[in-house]
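Enquirer: Starting from these lines, generate the structure:
(chains A, B, C, D and E, ligands or ions: 4)
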Amino acid sequence: AQPALSAELSIALGSIGQDVAEMRQQLSKFTEETGHTVNIVEMPASSTDQFGQYRLWLAAQNADIDVYRTDVIWAPQLAANLVDLTEAMADRVGEHLPSVIQSQTVDGKLVAFPMYTDAPALYYRTDLLEKYGKAVPQTWEELQATAQEIQDAERKAGNSQMNGFVFQGAPYEGLTCDGLEWVASHGGGTIVDENGEITINNEKAAAALDQAKGWVGTIAPAGVLSYKEEEARGVWQTGNAVFMRNWPYAYPLGNGEDSAVKGKFDVAPLPAGADGGQSAACLGGWNLAVSQFSENQDAAIELVKFLSSEQSQKERALMTARLPTIASLYDDPEIAKAQPIVAEWDTVIETAIPRPSAATKGQYNEVSKEFWTTVNETLSGRGTAADNLDQLEKRLRRLKRSGW
Amino acid sequence: MASVKLTKVEKAFGAVKVLHGIDLQIEEGEFIVFVGPSGCGKSTLLRLIAGLEDITGGTLEIDGRTVNDKSPKERGIAMVFQSYALYPHMTVYENMAFGLKLDKGTGKDEREARIREAARILQIEDYLDRLPKALSGGQRQRVAIGRAITRKPKVFLFDEPLSNLDAALRVQTRIEIAGLHEKMSDTTMIYVTHDQVEAMTLADRIVVLNKGRVEQVGSPIDLYERPDNLFVARFIGSPAMNILPARIEPDGERASARVEGLAPLTLAAPRRVAAGGTGYLGVRPEDLSLSQDGTGDFRGKVSLVERLGEVTLLYVDIGVGEEPLVAKIPGSVPVRRDDEIALTARREALHLFDAQGDAVHPA
Amino acid sequence: MASVKLTKVEKAFGAVKVLHGIDLQIEEGEFIVFVGPSGCGKSTLLRLIAGLEDITGGTLEIDGRTVNDKSPKERGIAMVFQSYALYPHMTVYENMAFGLKLDKGTGKDEREARIREAARILQIEDYLDRLPKALSGGQRQRVAIGRAITRKPKVFLFDEPLSNLDAALRVQTRIEIAGLHEKMSDTTMIYVTHDQVEAMTLADRIVVLNKGRVEQVGSPIDLYERPDNLFVARFIGSPAMNILPARIEPDGERASARVEGLAPLTLAAPRRVAAGGTGYLGVRPEDLSLSQDGTGDFRGKVSLVERLGEVTLLYVDIGVGEEPLVAKIPGSVPVRRDDEIALTARREALHLFDAQGDAVHPA
Amino acid sequence: MSNLSMGAPPTEKAIEAQERPATRSNLSRERLRSAWLFLTPMILVLALVAGWPLIQTIYYSFTDASLTDIDGAEWIGIRNYWEYVDYGDGEGEYFGLFFDDQWWNAVWNTVYYTVISVSIETVLGLVFALVLNAEFRGRSIVRAAVLIPWAIPTIVSAKMWAWMMNDQFGILNDMLMTVGLISSPVAWTANPETAMWAVIMVDVWKTTPFMALLILAGLQMVPGDVYEAAKIDGIHPVKVFWKVTLPLIRPAILVAVIFRALDALRIFDLIYVLTPNNTDTKTMSVFAQENLFQFDKFAYGSAASTFLFLVIAMITLLYIKIARLDLGGRGR
Amino acid sequence: MVAIAKRTGFYALVAFILVFSVFPFYYAILTSLESGTALFDVNYLPTEFSLANYRDVLTNGVFPLNILNSVIVAVTVVVISLFLAVTAAYALSRISFRGRGLLLLTILAVSMFPQIAVLAGLFEMIRSVGLYNSLFSLIFAYMIFTLPFTVWVLTTFMRDLPVEIEEAAIVDGASPFVIVTKIFLPLMWPAMVTTGLLAFIAAWNEFLFALTFVSNNDTRTVPVAIALLSGASEQEIPWGTIMAASVIVTVPLIVLVLVFQRKIVSGLTAGGVKG
Ligand SMILES: Nc1ncnc2c1ncn2[C@@H]1O[C@H](COP(=O)(O)OP(=O)(O)OP(=O)(O)O)[C@@H](O)[C@H]1O
Ligand SMILES: Nc1ncnc2c1ncn2[C@@H]1O[C@H](COP(=O)(O)OP(=O)(O)OP(=O)(O)O)[C@@H](O)[C@H]1O
Ligand SMILES: [Mg+2]
Ligand SMILES: [Mg+2]
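Expert: Numbers count the residues shown, from 1 in each chain, chains lettered A, B, ... in the order given. Ligands and ions are numbered 1, 2, ... in the order given. Below is the predicted model of the structure:
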């Protein structure tokens, strides 16, 4: 039902790639349809900083933000101050991937509704692989070897800025994803398991981190330790990397007009670990939540509905290769044609590994910080992986005390 | 237009007492000068009268009214400061108008008239639109005086108003202040200075202060010719009076002083003294003259000759006391260091002091 | 121990020339005083001699050696500054020792001995361990002098060393400096001051500077009695010499000056002048005396009387020029404002100047 | 206007005996009344904006306050600082700020950063000040130029330097490689060996001018005649510097150092922007902010803030003692 | 010879100081004028002159509004601080009363407060009175550092004003309020300008409170806006726009600082506070 008066809403979202531009377009449609106007509140690119701000605002009972775009992992921590969408979304819930819906349900309360989901890909340079006659690597070892070879050869050929592999190595939430992928792909578990047990201190995890450590300064630039998504994409898109680990959003951007790698790259699932490990992708994705302090909750819910609708998700997939949470869209021919990556990604999504936010509840952030710190320190060569993981376990245990 | 009366006025800063019971009666229209060594309390006393400091003890009356707890404004005083204290951001005119504007009783025309009048008297009419910084020191001081005049004060206070001026200007402004006093003959003026010349030339009466006490009050000539005690005697006059320890004895009507090793000197005017007391003989350098015939009251070797052109200062070791006897002889005399000379003192200008340092005045 | 010779010494700060060709010959052991109005270049000249400023033109010789480009140390000079310039964080002893440390030849004992000696001469032995801030102004100045003495300079420079002291201390220290000059009789001393009394009492010869030029060099009495020009005449002596425009005419051997409206005055000493020139007559206030019989050289109405005890200043309107004639009469005279009086000038003490202001000296 | 270029806060203690005159005049009464009238608004604002929040912060450090539920905070004593948790199986562990090695790491980082950056700034500031104190052509231009880093907002300078220190496109690497000091690009802000130095570098760049100005003010208060006396004494300039200049400007340097140190101890924004989340550069303020607003540990963050406050308060008191500030005023 | 070596050495030092101080800002300007891929080549001299980045910052998004916010906050803070401080400074510098020393000590201590120490308490306060996410919260919070600073510096300045001027006014019958407003205020203009400018810069540059107490794009102040400036462009980290924004917010400050150079030095040293 159309509200009698048009409301002025605000939505908070982080800005990576073209997110904001795209959002603007969709919002103008929304305004056309409903008469509500929506302001965009831009957030820092680092999702860690973003989370800090959200938390702060909710604590401050900030009525100026109506809708938050939330990371998949934040649901448990922000649940207390978000509106329960169960009822409002009752008729929509069925369309969406159950695992995603599940991740946004805290104690039976649906705190956020999915906007898109996310799972990373290995970006590779088709032209370079071809030039050196290499196959798309299936394991991290292969990746390392191929990257090294091409990098060396390219550098010798005068392309001194060429790097083998770029990923997210800065100490922030993104590194938790990368690290988790490495560890999980080696069969090293998910830091904390579903039951809240701390599982990270194991040999496979150590092996995974040791391997990654070997990349820094060899196939990856030393500066990778300060890279987030956009820094990695920067190197990649200027044509200075053979491989990149990143989210699908980089796909259309890489094919943009200004891109040096336009038409010269493709994507594949992330490589697997050694010894029967398998490819592991960290489950990402963003959701929409309505603030408990919003003065226009109805309109806000309307906005959530609009942005999570099939139509919006499709547009998003077409424009920025954001992965839909509505299963049927993966078969959409239009999408498959415009953004092949989306169509290809449904299997990856199905097997993607969630971060342990549900198990660690309100403390997830600190758990994640401890983990990324450990990974970052290991990558930068301070302590061995085994020692650092040992430390990490102790820290996590201190955090946990008697329970999460 | 007002008399000022101080009765046992005391002032202490914290535990330190700086004025010890000052009694003083100033008549309407008098020009009173406070002098004394640095730190003796001159400024403090003036500021008590102004109302800028609180009185610790005693009473201060202006025009017969006790004003101890009145603010400066209520006392009807005006003050001129050593540093002029003009408001730097106001023109000369505004400086003079400021106090009058605050005083609601004065109308606009009246104000204008008073300022013009003051400016005329002080010949600063041409500068009325200037800022103080565009004036010379002397002009600034005149403006400061003008600002005080416009308020038509009953009591006019000056705290070393000339000490920031150079020598020539000081003389000129001093003469102007003397003229002002004559024009405003019924305004009581109280003036602090450390300059003897100013004190001597301006004052009707001088108040000599020392360590927070009044040493003597009197006309300039009085202080010069009949100092009440050793302090005043040495303080007034430059170079200072020569003081020699002496035995004082009656000599008929008069008195004689016998300085050790010298012939006794008998004073010109009669003095009544007890027999055989110890005390001091004082003689001003300018009251000594060179004896041509080699006989005189004081004989000794010249230790230093200072020729100032107009006068010559002779420092003579007469074998009494630590310090040499100083003589001031007009013109340039042909005396050189190490010459043996004899000096004669004017009998009318000898001063006697008893053992306590109090003067033995002519009977 | 050294003579100082300046030949056409010039100094310019940027485009501004402040010294215009100074020629001066100072003999070994002489005490020379530079005087002049503020800004005339006294300090600059002294600093040129010290080597603190570079000489723009001319030559400076010390002991016959040209030292234009020598550093202060190589010139063998020592200097005492107006502001003492003691090292505030060093004790008195260290202050005196600091400059000595460098001389390799001066052993430790020698240094100790020199400092003790200087301290003894200046009576600052008791303060050797104190910091300058714990000393009075006079004591600080003595330390500054002590620091200079220990260096056994050939030329000793002083820049207004007494101007920060109060009156009493100034007299005392002045006398000490005079004593010092006697003790170090072969050290050349150059002394800058703006105080006439200091200049007159200390100097063997005074150099009067004006706007970067030497006006006159001579002994104090010379300057007082035979000023070379109007500038020196008015500069030396206080109150300043009265200057009256006059026609100057020969009168036999001598000369007479005819001030408009007055009878001509004939000078005591012979002067050689051309007939009928215009010029100036100068007479010092102290050379005027009251005529008892009502006839005299100058007649007029008293506009102000200032009684200083010892002397009385009379300001007399004689109808010539803007300024009143000033007379300085010894003692206290019974003259009051508005009295008509007559003054007589001492014939021996009249000064004549030609139209250019140059003195017409006795032939 | 009186002399504006006077140096640092007035020294010389002047404890004024309180004036208690027998009769207080209307003037004194009026002035006293006005004094309090004039002061009250300022005192109120300060109490509101500084006093009360400080008390709050300290209070929260003794509660279990959480950001999501500040109002439900309950008193838990010193457990945020010091707590022993018995696991029940005979084992137990100490918790609280005093046993948090990450906190001590932050403390160490802060101290390290403070000592190093302030030392460099002092030495460099001294050199700058000496140069600026010399007479030379174009001095006023240099003097103005030196103020530029100081005027640039910290955030902006952090961004500027982040760009200059960018590992791929940064000009710093390019320069150093051109000169040959390094052979391959250094990731200044990411590398654990260089991260802190990157922060220090930016801080030195930004605050050396401030230091230089304070020292310059000290230098200008040294009476020039002292140098002339030294020149007359023929003392070598190097010796003059060590024996005369340095002792005389020591108070100015001391004041500058302590001010800078107090400022450095509370550094936040530079690190937040330049090296976010980096354990090598995490300082006390960053640690506190992180706990307050990013982790759900409002109370714990308050405890860290309180601790930092105490450290700075102690140094402030020390400073006031050393500098012997004239708090008595000079008025009537 | 030696003299020449000395001179060259000295001027080399001067040159170093100049480059050291100016180069980073120069480079920021350089970067802000480049666009596209030129950004990623290291240049020491200007190679192109493109105002695209400036157009971007000023037209896309709310950056102009952020500047306005900063101006509003900083100016208001300065005006209020100066107003409160000038009367307080009069009382502190000119009237002796019991507890004056302690009060001054407290004010000095407050100026040294680590902001983080009051952050929790201030946050709670701002939240509970509903000032969150408004410029008022910043105006209020900034008092914690501008007020003690202005009081302290103005007290120092006022202490140096000649006592006689005040006494002359007292004799003229001026009340304390008249003395402050009619006599001291006009005399304090230079000091007020200096102090105000320093307080303005401090408020303009503040980050932590601004990060914590306001949320929306359009309530942010400049430092937060720059720190959070990202995305919304095809380029990865938009260095060009960031540098353009930095230059925009810095140039006015630098101009102010250069204009008031001398005053600032005296203000800094009088206060001896804040970097
Ligand atoms: N506000 C004050 N607090 C404490 N002591 C003071 C104060 N004002 C003056 N004194 C002391 O009172 C004494 C008298 O000071 P006052 O200024 O009256 O001396 P003075 O005779 O005017 O000296 P000068 O000739 O140097 O001006 C001095 O010892 C001085 O130190
Ligand atoms: N360093 C300088 N730069 C430029 N001009 C100067 C410098 N030092 C002095 N002067 C100028 O040179 C002239 C002579 O100055 P100097 O200090 O020698 O005067 P003075 O006779 O010592 O005066 P005072 O009696 O006031 O000390 C003055 O006009 C002064 O302004
Ligand atoms: Mg006094
Ligand atoms: Mg001089």
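Enquirer: For the rest of this, base every contact and every neighbour count on C-alpha atoms.
Expert: OK.
Enquirer: so where is chain A shaky, pLDDT-wise?
Expert: The model of chain A has pLDDT under 70 over residues A:1-5, A:16-17, A:45.
Enquirer: which bits of it sit near chain E?
Expert: A:15-21, A:40-45, A:53, A:56-57, A:60-62, A:64-65, A:230-231, A:233-234, A:253 (C-alpha under 8 Å from any C-alpha of the partner chain).
Enquirer: So E:M192: helix, strand or coil?
Expert: helix (DSSP: H, G, I helix; E, B strand; the rest coil).
Enquirer: how's chain B carved up into domains?
Expert: Listed by automatic domain parsing, the domain ranges of chain B are B:4-230, B:239-354.
Enquirer: mean pLDDT for these: which is lowest?
Expert: Of all these, mean pLDDT reaches its minimum on domain B:239-354 (a mean of 87).
Enquirer: Would you point out which residue is most central in chain E?
Expert: The C-alpha lying nearest the average C-alpha coordinate of chain E belongs to E:I201 (C-alpha atoms, centre = their mean; 0.9 Å).
Enquirer: Pull up the gap between that residue and ligand 2, please.
Expert: 37 Å (C-alpha to the nearest ligand atom, to the nearest Å).
Enquirer: Determine the next helix or strand in the C-terminal direction from the helix or strand that contains that residue.
Expert: Using DSSP states H and E, E:I201 maps to helix E:185-205. Beyond helix E:185-205 in the direction of the C-terminus, DSSP H and E gives the next helix or strand as helix E:208-213.
Enquirer: Give me the contacts around that next one.
Expert: Helix E:208-213 is contacted from outside by A:53, A:56, D:268-269, E:115, E:119, E:123, E:126, E:132-134, E:137-138, E:141-142, E:220-221, E:224, using C-alpha atoms under 8 Å, 6 or more residues apart in numbering or on different chains.
Enquirer: just the buried members of the residues of chain A next to chain E?
Expert: A:15-20, A:40-45, A:53, A:56-57, A:60-62, A:64-65, A:230-231, A:233-234, A:253 (16 or more other C-alpha atoms under 10 Å in any protein chain shown).
Enquirer: Okay, and which of those residues map to helices?
Expert: A:19-20, A:53, A:56-57, A:230-231, A:233-234, A:253 (DSSP state H).
Enquirer: Let me know whether A:H186 touches A:N202 as I believe.
Expert: No. Counting by C-alpha atoms under 8 Å, A:H186 does not reach A:N202; the two are 10.7 Å apart.
Enquirer: Give the residue from those two that has the larger number of neighbours.
Expert: Counted by other C-alpha atoms under 10 Å in any protein chain shown, A:H186 and A:N202 do not tie: A:H186 has more neighbours, with 26 against 17.
Enquirer: Tell me both backbone torsions, phi and psi, for that one.
Expert: phi -90, psi 0 (degrees, to the nearest 10).
Enquirer: returning to that earlier point: and the helix holding E:I201, how far out from the chain's middle?
Expert: The chain centre lies 9 Å from the centre of helix E:185-205; the measure is C-alpha atoms, centre = their mean, to the nearest Å.
Enquirer: Next, see if it gets close to chain D.
Expert: Yes. Counting by C-alpha under 8 Å from any C-alpha, chain D has neighbours in helix E:185-205: E:187-188, E:201, E:204-205.
Enquirer: What's the local residue count around the closest residue to chain C within the stretch 51-200 of chain B?
Expert: Residue nearest to chain C within the stretch 51-200 of chain B (C-alpha to the nearest C-alpha): B:M200, separated by 5.4 Å. Using other C-alpha under 10 Å, B:M200 is surrounded by 23 other residues.
Enquirer: Surely it is in a helix?
Expert: Yes. Assessed with three-state DSSP, B:M200 lies in a helix.
Enquirer: I'd assumed C:G309 was in contact with it.
Expert: Yes. Counting by C-alpha under 8 Å, C:G309 is a contact partner of B:M200 at 7.4 Å.
Enquirer: tell me, what's touching those two both at once?
Expert: Common neighbours of B:M200 and C:G309 (C-alpha under 8 Å, 6+ apart) are B:220-221.
Enquirer: Mind jotting down where the strands sit in the chain?
Expert: Unless you meant another one, I'm taking chain A. Assigned by DSSP state E, the strands in chain A fall at A:8-14, A:37-43, A:67-71, A:105-106, A:109-110, A:113-118, A:121-125, A:163-166, A:241-246, A:265-268, A:284-290.
Enquirer: In the strand or helix carrying B:E182, which residues are buried?
Expert: For B:E182, the host element (DSSP H and E) is helix B:167-183. Across helix B:167-183, burial judged by 16+ other C-alpha under 10 Å covers B:170, B:173-175, B:177-178, B:181.
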